[in-house]
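# generate a structure from the sequence data that follows.
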Amino acid sequence: MSVQRNPGKRPSMFDVAKMAGVSHQTVSRVINHSPEVSDATRARVQHAIDALGYRPSNSARTLASQRSHTIGLIAGGLNFLGSVSSILAIESLVRRHGLFLAVSMVHEALCSQREFEALCHTFEEQNVDAFIFLTPTDVMLSAACRTRLPEPRVLVTSTHGNLSMSRAGGLMDAEGRRHTAIVGVDQWGAMEEVARLVARFGHRSALYFTGPLQWRDAVTRLLGWRKASLANRIASREIVCNTWNSSEAYARMNHELETIGSAGAQKPTVIVTANDEQAIGVARALHEHGLRIPQDVSLVGFDDMTGVNDMWPPLTTVRSDYEGLGTAAMREVLRLLGEGGETTFVANAHGAGLIPAEVIQRHSLGPVPRL
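Numbering: from 1, shown residues only. Next up, the predicted model:
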């Protein structure tokens with residue numbers, strides 16, 4: 001049966017039903033992949049859908065399946081590459097599964113429990129099927145765990161912080177724990193690799209620049225470095241930074257070099273920073289004091305930011321698979337919704353499935369300078 005189309009009108013489910021010679025309920029069952037439709041009827045309905053260019057509305061699918069086909073995402077750290085890369089990967093997988101992603105962005109350090117709960121309730125009014133929370137700080141992780149939600153949730157966070165994963169789990173009710181998955185990057189393992197590589201080059205005296213310690217990434221990297229440097233017999237001293245910014249690292253490195261110079265002390269043979277932006281600030285300070293990288297001091301960063309391979313010398317750093325992290329988060333959502341199998345992780349720690357991070361060796365790391 002042919003159906004006259006009005007070129008200015010979007011085809012409806014009823015148009016599809018008329019062309020296919022079935023009820024609109026049958027069209028709904030086909031759209032929602034119901035097994036209660038024969039193959040022949042399904043093919044006839046699909047032919048009508050294709051011929052008319054019909055696209056089911058989200059509201060129609062919600063009424064038929066009791067699902068909104070919408071995932072709610074609340075994210076902090078939007079000024080940083082990792083969060084943006086993860087969100088792009090999540091959104092790509094959402095679209096491939098015919099779903100919709102609703103996003104709210106919050107300040108990772110200033111987000112209050114009240115604000116977080118209000119955002120969740122706004123999403124619940126949209127009948128979201130599940131939540132993904134990108135929680136880079138202890139404040140956000142605490143808020144995400146304390147919020148009572150009947151929907152499944154996936155937490156994207158680091159394994160360590162001032163709030164431990166066991167304490168974070170204790171903030172959730174029993175129902176929340178049963179419907180929660182946690183994913184992260186294996187940053188601890190990456191720092192172990194960094195320490196082993198640094199030790200192989202003969203370094204036994206290091207300076208470590210921390211990130212802001214309200215960030216879980218910063219704490220995980222710091223604790224991982226502490227343990228690994230000790231295991232590799234590297235004497236490491238810490239410079240505590242309040243930001244991830246190159247300007248702060250530059251100022252603190254200048255102060256450190258001036259202190260070393262005035263005291264006549266021995267400078268470290270390698271500097272390890274908690275992110276690449278800090279490494280850029282450190283490199284500038286070393287250059288201005290006439291110190292060559294790596295002939296006088298080696299330098300290692302973390303994150304493999306765009307452009308650090310074009311520094312001179314190119315920066316040794318850690319490449320985190322943030323796209324893989326976003327993909328894993330979305331796969332865990334599908335699993336919790338009963339629409340996917342178990343996600344394979346390279347490692348699991350503290351209740352989190354972990355995505356690998358790779359040490360990228362470049363020319364900023366060299367042997368200990370000869371005296």
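# for the protein, what's the longest helix?
Secondary structure of the chain per DSSP state H: the longest helix is helix 246-263.
# return the distance of it from the chain's centre.
Distance of helix 246-263 from the chain centroid (C-alpha atoms, centre = their mean, to the nearest Å) equals 32 Å.
# which parts of that helix are buried?
For helix 246-263, the neighbour count (16 or more other C-beta atoms under 10 Å) marks 246, 248-250, 252-254, 256-257 as buried. For the C-beta atoms, the positions are set from N, CA and C on the backbone; glycine is no exception.
# then stretch 263-274?
Buried residues in stretch 263-274 (16+ other C-beta under 10 Å): 267-274.
# with stretch 167-181 instead?
168-169, 171-172, 176, 179-181.
# just read off the phi/psi values of Ala190.
phi -60, psi -40 (degrees, to the nearest 10).
# one more: Ile74?
Residue torsions, per degrees, to the nearest 10, at Ile74 are phi -120, psi 120.
# where's the dip in pLDDT among the buried residues of stretch 167-181?
Within the set of the buried residues of stretch 167-181, pLDDT is lowest for Gly176 (85).
# and that one, how close does it get to Thr147?
Distance of Gly176 to Thr147, computed by C-beta to C-beta, to the nearest Å: 8 Å.
# repeat that for Gly72.
Distance, Gly72 to Thr147, using C-beta to C-beta: 12 Å.
# shared neighbours of the two, which are they?
Residues touching both Gly72 and Thr147 by C-beta atoms under 8 Å, 6 or more residues apart in numbering: Cys120.
# between those two, who's got more neighbours?
Taking neighbours as other C-beta atoms under 10 Å, Gly72 and Thr147 compare with Gly72 leading, 25 against 21.
# distance-wise, check the more buried one relative to Arg178.
Gly72 sits 19 Å away from Arg178, going by C-beta to C-beta.
# Thr157 too?
From Thr157 to Arg178 the distance is 19 Å (C-beta to C-beta).
# in contact with Lys227, which residues?
Shown in contact with Lys227 (C-beta under 8 Å, 6+ apart): Glu192.
# mean confidence score for the host helix or strand of it?
Element membership of Lys227 [criterion: DSSP states H and E] is helix 216-231. What helix 216-231 shows for mean pLDDT is 98.
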